[in-house]
Structures are given as structure tokens and as C-alpha cells.
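S.K.: Okay, sequence plus prediction incoming.
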Amino acid sequence: MLDKLKQAFWKALTPDLIAETVAAPAPGLVSAQVLAALGGVDNLKSQQRVALTRVRVHLQDPNKLDAVALKAAGVAGVMVLA
């Protein structure tokens, strides 16, 4: 229930940034290697482009995140929020 409340709060603040449903990443937004390191498309709960060089993702299962594979795919940095 808290997740729904948080989502409603952020959607009210930033309606153009919070999507109603998770869509497949746009081609070129996230490479296949990065998607695999994130645990696959099915592991994405939400995603949004934050800046030209940053993408924010919310994962279904954070344990599927492979930080080493992300580095190998060229991701300069990863910030994990609890």
C-alpha cells in the first residue's frame, strides 16, 4: 500500500516522468548487455530517463542486479537506493 501511495505522490509531482505501466525500453535507451545485467526486461518495475546520461530503474528483484556485468557493459556508475 505504501508503494501505491508513493507512486501517486510522485505522479502528482511529476506527471510527465512517471509512466502508468512499464513499457519495454526504447531502442538505444538501454543496451541488451545492460538489460541482461539488470536481470532482464521482466525484472524492470519502472524506468525513466533522468538526464541525457542517466536512467533510473526500479527492479522487481534487486538481487538479480549484476554490478560486474554493468561495469563490463560500460556503465560508469551505479547507485543503489534502499
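M.R.: Right, received. Where do you want to start?
S.K.: just checking, next helix/strand downstream of whatever helix or strand residue 58 lives in?
M.R.: Counting by DSSP states H and E, the element that carries residue 58 is strand 54-59. Along the chain past strand 54-59, the next helix or strand (assigned with DSSP H and E) turns out to be helix 67-72.
S.K.: Setting aside sequence neighbours, what's the nearest residue to residue 39?
M.R.: residue 64 (3.0 Å; C-beta to C-beta, 6 or more residues apart in numbering). Any C-beta I mention is one placed from the backbone N, CA and C, and that applies to glycine too.
S.K.: so who does that neighbour touch?
M.R.: Taking C-beta atoms under 8 Å, 6 or more residues apart in numbering, we find residue 64 in contact with 38-40, 43.
S.K.: Please pick the buried ones from those.
M.R.: Buried residues within these, counting neighbours by 16 or more other C-beta atoms under 10 Å: 38-39, 43.
S.K.: now the residues you listed as JSON lines including pLDDT and distance to residue 8?
M.R.: Shown next, in JSON lines, are the buried ones among the contacts of residue 64 (pLDDT from 0 to 100; distance: C-beta to C-beta, whole Å):
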{"residue": "38", "pLDDT": "92", "distance to residue 8": "25"}
{"residue": "39", "pLDDT": "93", "distance to residue 8": "26"}
{"residue": "43", "pLDDT": "91", "distance to residue 8": "23"}
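S.K.: which one among those residues gets closest to residue 54?
M.R.: residue 38 (14.4 Å; C-beta to C-beta).
S.K.: got the buried residues for the strand holding residue 58?
M.R.: 57, 59.
S.K.: Now do residue 37: how many residues are near it, please.
M.R.: Other residues within reach of residue 37, judged by other C-beta atoms under 10 Å, total 22.
S.K.: got the contact list for the residue nearest to it when sequence neighbours are not counted?
M.R.: Computed as C-beta to C-beta, 6+ apart, the closest residue to residue 37 that is not its neighbour in sequence is residue 69, at 3.6 Å. Neighbour list for residue 69: 33, 36-37 [criterion: C-beta under 8 Å, 6+ apart].
S.K.: Tell me the predicted confidence for residue 69.
M.R.: You'll see residue 69 listed with a pLDDT of 92.
S.K.: now it: how far from residue 76?
M.R.: 14 Å (C-beta to C-beta, to the nearest Å).
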